[in-house]
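Asker: Take a look and give me a structure for this.
(chains A and B)
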Amino acid sequence: MTSSRRHFLRATAGLAAAAAHPLGARFSLPLATQLAGLGALAASQARAASTNDGYKALVCLHLAGGNDSHNWIVPTDAGNRASYAAARGELAWAEGKLQGITSGTQASGRSFGMPLELGPLRDWYESGQCAVLANVGTLERPVTKADYKAGVGLPAKLFSHNDQAATWQSLQPEGAPSGWGGRMGDILMSANQHPVFTAVSASGNAVFLSGNSVTQYQVGTNGPVLINGAQAGWRAGSANTPGALRSLLAGSGSNAFEAEYLKVVQRSLSTSSLLQTALGNTALAALPTAPITLPNGSTLALNNDALAKQLRIVAQMIAAGPGLGMRRQVFMVSIGGFDSHSHQMRDQPLLMARVAQSVNWFLSALQGAGMLNNVVLFSTSDFGRTLASNGDGCDHGWGSHHFIAGGAVKGRQIFGTMPVTALGTADDLGSGRLLPSTSVTQYAATLGAWMGLSAGELRTVLPNLGSFSSANLGFV
Amino acid sequence: MLSSSTDAAVTTASTATVDTEAAAIAKAEAAADAQATAAVAAVNAEASAAALAEKAATGAASNLTESASTSATPPTTPIAVTPAATPAVTPAVTPAATTPVLTVRARGSLAAGVGPQMVVRVDGNTIGTVDVTATEFTSYPFALPTLATGAKVDIAFTNDAVINGEDRNLYLAYVAHGSQVLMPTETNALYDRGKADKAFDGLDTVRGRGNLTSNGALRLTWPAVPSADAQLARKQDAVRFLLQASFGPTPASVNALVNKPYGTWLTEQMALAYQPDYVTAVQTQYDRGDAYRPKGASYAPGWVGQTFWATAAQAPDQLRKRVAFALHQIFMVSQADSSLWGQARAYAAYHDLLNQHAFGNYRALLQDMALSPAMGIYLSHLRNRKEDTATGRMPDENFAREIMQLFSIGLHELNTDGSPRLDANGNPIETYTNADVMALAKVFTGWSWAFADNELTESKFRWGSPDYSAAADQRIDVLPMKAYPGQHSTAAKALFTGKPWATTIAANGTAQADLKQALDALFNHPNVGPFIARQLIQRLVTSQPSPAYVARVAGVFNNNGSGVRGDLAAVVRTMLLDAEARNAPPAGFGKLREPVLRVAHWLRALGAQSTSGQFQMATVLGNVGQRALYAPSVFGYYRPGYVPPNTAFAGSKATAPEFQIVNESTVAAWINTAEAMAGNGLGWTGSAADVVVDHAALGALADSGHLGALVDHLNLLLLGGRMSAPLRQAILDTAGSVSAGTTATANRARAAVFLTLASPEFLTQP
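Answerer: Just a heads-up that it's a prediction; the model follows:
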């Protein structure tokens, strides 16, 4: 029996079990039904993907909490500037805080800028290696304002943090068994000499990287964590301890809790030394210890920054990837603090600076390693936010703007359609919650195509792709 | 005769040896030296000291000079070598049966392909001889007619040799009979050196040891059989109960439950008066002066975390503390929020609030929680402004959304058993819409810090912050928020429009009246019972409770039998006394224990003490995925509905929340943490680990004559009797083979504790 055939049988068995369970009906939406069986299809089509063109990696940068991207890409033409200021009130950036960006793709007369804190990201944008995707959000199919009011064709649990973050990552609310990063990995893992490193998180468990075959691998920001007590030597009072510990950890447990835990331990034991050695063979610079002075005069030390540290270990793994026989990898990093209900004007500048400076270091490091063209980093978030202010921040929205960076990116462009930044527009569902004009599905499909997935495979990973007129947004 | 369960060769005749007494002693020295080297390499000062002490003792006994001891070739290290044919492992401790069996746990190093010959005598009579060919510890059982108290048991090594640089030695881990396990290093054990009769002549003896590196006999005097613990089964059950109902068993708490019904214990625990432990602890620091208050150089918000650990370890009202920790995970306010950094006392007050209401009514908890400044800061409804239709400003929706999604009714309409109610198309029914969130957001407007009633101005509402300096401190951070005149939305607020429980809060009500009506609506929503009950069961008892179990607990939430809804004491009692919690657990029952519970259990079961008295361990477990009180967001440390993908749980969609923080990094970090727990301890005083177990005292259980007693102690208190045969074997081998010396007692306990804490069975709760 072929490996694909086995995967198919295992996945369909899982599907049947899910349907028989009383809770199986919980996600019995059409999309969910399609998703449930797609791991089988993914595995059965494993040979179609094109992976012979060298090493490629996707890096998902999740801005946890729901980023207020209204303040990342800000209108600078007079008319939209005024409507932006009126809609945002105390949340509007002053004009002097903005640097213009090239935006020929948008409607005539419109112009945009980025806050000074995003300067390093703007530099990559203007140099043609970073693009912006406007007003993208979770959609099962294109919907109108009328659909929204009627409650027709909408993603489940809009505006809920965990559910919308999960929908961004998996196309389903919380409880989804797999994400589209992991599902791409299901198809691509056979191209890798060490499939265990196909989907790697540096920021904890995320459904984005869960596949139907692929299990996400967690790496610490200092690399793999070694189990000290299993290393030879005198441990906890005896030289017999390491051998005894290893034998205990090699067991299969006496119940499902123990068994599944031990599998993770065994994966940790079997990979940590291998990965540590491979990482040690890379020559990536350390994060700078010298504080960076930010536009408001405060400083940021990247060597102490949680996001920069995640991106450094990802850069190390990418640098080590070809040597490990890897051809396709999907990574995830994240940074929290974006749920700006309050203190937005106090907190947003530092968050923007942390993202821009960390990504800048990451892209520069990849460039130094000669791998900038092999990597695409893209941002995600739970949702966009309301244009309207609550006096000190803003609330959960839907569509938002995102950025994509890397040597292969067709930068210096805003893809999609920038909405008119005002309350009461055709895109405004109330309080400046934006109806997305581009779907996460299309965003993902464009990235998946770059990774080498065929059109059929993309429909497997992203079952609702056929609902949208364009399967490739062209940003990479 | 050797039992037939092993293929180890047995002979009855003694074979010739080719060694001299002097060479044997030099070999012993080299072995000790090698141990010292290994110890230094492992950066374990105590192990090093043990090996050096042993070396010194041996040197003194043999009158050899230091130079003689350093010239010998180090012996080979046999530990990592797998024998070509490992004899079948028999249970380390054979239950007392009609045919007594003496089990010698031994391994050998081979010379010229021949292993050490081991002769076993009881009271001078040879009961068996075996060639030890296994190079890892292996059980060698010997049948014998009887083994009386005071019997002399000799384990002799008779064919010492060094051939072509290969050194033949015999290594012993322990000698067992029934429940009795004797170490080679027992205080009355002797290593009687010499070959043939000289091994039994009582001359040229040193204290007993496991490394027989020259011809001679380990000579043991068999102790009396300790009386069996007739209450063991009840104690093991008590441990299981205490894992559910407290931060873990202590020897005293287990003993207290031997003759006490669990219901009585619950009643007694609930009768222990609530104490504001958290605020008391922070206030004690604040009282030391302005340096210890926010903005002061010695201020540390970690005092709250320290209080968590101190009370988990030592507070008498364990049930309250454990339930409050479960409530913390539902009504999450995390100190990871930087806005709470300077609010240690407000945050402490929030944890006191959870403790205060642990056996109170959910409705009162809901209100005090909603008006807590810590919650107000965390979910930003403190200073929440009413809408302004002129500018488009709208109220902050943060708390309004999460009080519904996370703290009361959840996202889907539920049946009493926790299953989702379905619409005509078979789909779940969402409990609220965004319009409900926006309406409820207006309810939570107009609340801020509890300044004096004559100070409640708009300016104070928007900008006023408490002054925590010693001179000005009004302690308003421990008071509920107050409603500010003119700051509350006067719009009508329609909730749950179209649902049977729809309610409209009329326009122009007061902030207080609106709050009451809104919280009453949430409280009376049929979802609350199953939504809260299932999560409490998950935190205390089992990850995937049966619908019937949820229904029984939710039913008591709905009506405690006296017509009262929301009685949390009744909910807790029902949950813990339910047959599913008390009966023998079926497959799939129980849970993976979160890291905080593992450490708390260790603190209590082994009586760890804080040398500073402060439990300075607020930051532990960060790399294991669960720094206490520092959940990454309001969604907690992990989600109650988490089903780990690609596992046995995924097929049946069984929830196993704690697996959300299990990954390749955290599992390794846990074992490294366990090594610290079994070593120098956890936390940091600034110069040393703060929270430490007295391993010497623990190890003394084994010194008293029975290694088994130490293992049994850990099996009861850390595992409730669930120690697997492989774990017991690993501990006996490792602890039994610890070299004699001044730290041997502690080292035995360290090895046993480490392996237990790292074991899969310690991670789970049945």
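Asker: CA only for contacts and neighbour counts going forward, please
Answerer: Fine.
Asker: helix, strand or coil for the most centrally placed residue in chain A?
Answerer: The residue lying closest to the centre of chain A (C-alpha atoms, centre = their mean) is A:Cys60, at 2.8 Å. With DSSP: H, G, I helix; E, B strand; the rest coil as the basis, A:Cys60 sits in strand.
Asker: Quick check: which element contains the closest residue to B:Asp277 other than its chain neighbours?
Answerer: Of all residues not flanking B:Asp277 in the chain, B:Asp352 sits nearest, at 6.8 Å (C-alpha to C-alpha, 6 or more residues apart in numbering or on different chains). Element membership for B:Asp352 (DSSP states H and E) is helix B:344-356.
Asker: so the residue minimising distance to the centre of chain B is in which element?
Answerer: By C-alpha atoms, centre = their mean, chain B has its centre lying nearest to B:Arg598, at 1.4 Å. Assigned by DSSP H and E, B:Arg598 belongs to helix B:595-605.
Asker: I'd like the average pLDDT over stretch B:231-243.
Answerer: Averaged over stretch B:231-243, pLDDT sits at 98.
Asker: what's next to it, contact-wise?
Answerer: B:248-249, B:254-255, B:257-258, B:582, B:601, B:716-717, B:719-721, B:765-766 (C-alpha atoms under 8 Å, 6 or more residues apart in numbering or on different chains).
Asker: repeat that for 6 Å
Answerer: Applying C-alpha atoms under 6 Å, 6 or more residues apart in numbering or on different chains, the contact partners of stretch B:231-243 are B:Gly248, B:Pro249, B:Val254, B:Gly720, B:Gly721.
Asker: Please enumerate residues in contact with stretch B:408-419?
Answerer: Stretch B:408-419 is contacted from outside by B:404-405, B:420-421, B:429-431, B:527-528, B:530, B:547, B:550-551, using C-alpha under 6 Å, 6+ apart.
Asker: just to revisit the earlier point, and the residue nearest to B:Asp277, how far is that from chain A?
Answerer: Relative to chain A, B:Asp352 is positioned 26 Å away (criterion: C-alpha to the nearest C-alpha, to the nearest Å).
Asker: if we can go back for a sec, any idea how far the helix holding B:Arg598 is from the chain center?
Answerer: 3 Å (C-alpha atoms, centre = their mean, to the nearest Å).
Asker: same check, this time on stretch A:392-411
Answerer: How far stretch A:392-411 lies from its chain's middle: 11 Å, per C-alpha atoms, centre = their mean.
Asker: again with stretch B:370-384
Answerer: 33 Å.
Asker: distance between the ends of it?
Answerer: Stretch B:370-384 stretches 13 Å from its first residue to its last (C-alpha to C-alpha, to the nearest Å).
Asker: all helices for the stretch 601-750 of chain B, in order.
Answerer: B:648-652, B:664-677, B:695-703, B:707-719, B:725-736, B:744-758 (DSSP state H, counting those that start in this stretch).
Asker: for these, which one ends up most surrounded?
Answerer: helix B:744-758 (a mean of 28; mean count of other C-alpha atoms under 10 Å in any protein chain shown).
Asker: can I get the helices of the stretch 601-750 of chain B in a markdown table with distance to chain A?
Answerer: Shown next, in a markdown table, are those (distance: least, C-alpha to the nearest C-alpha, whole Å):
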| stretch | distance to chain A |
| --- | --- |
| helix B:648-652 | 5 |
| helix B:664-677 | 5 |
| helix B:695-703 | 11 |
| helix B:707-719 | 13 |
| helix B:725-736 | 5 |
| helix B:744-758 | 4 |
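Asker: And the closest residue to B:Gly721 other than its chain neighbours, what's its pLDDT?
Answerer: Of all residues not flanking B:Gly721 in the chain, B:Asn715 sits nearest, at 5.1 Å (C-alpha to C-alpha, 6+ apart). Note on B:Asn715: pLDDT of 98.
Asker: ok, back up a step: turn the contacts of stretch B:408-419 into CSV, columns for pLDDT, distance to chain A and neighbour count.
Answerer: Output for these, formatted as CSV (pLDDT from 0 to 100; distance: C-alpha to the nearest C-alpha, whole Å; neighbours: other C-alpha atoms under 10 Å in any protein chain shown):
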residue, pLDDT, distance to chain A, neighbour count
B:Met404, 98, 11, 19
B:Gln405, 98, 8, 17
B:Pro420, 97, 7, 22
B:Arg421, 98, 9, 16
B:Ile429, 96, 10, 16
B:Glu430, 95, 8, 17
B:Thr431, 97, 10, 18
B:Asn527, 98, 16, 25
B:Val528, 98, 19, 26
B:Pro530, 98, 15, 28
B:Pro547, 98, 10, 15
B:Val550, 98, 15, 27
B:Ala551, 98, 15, 21
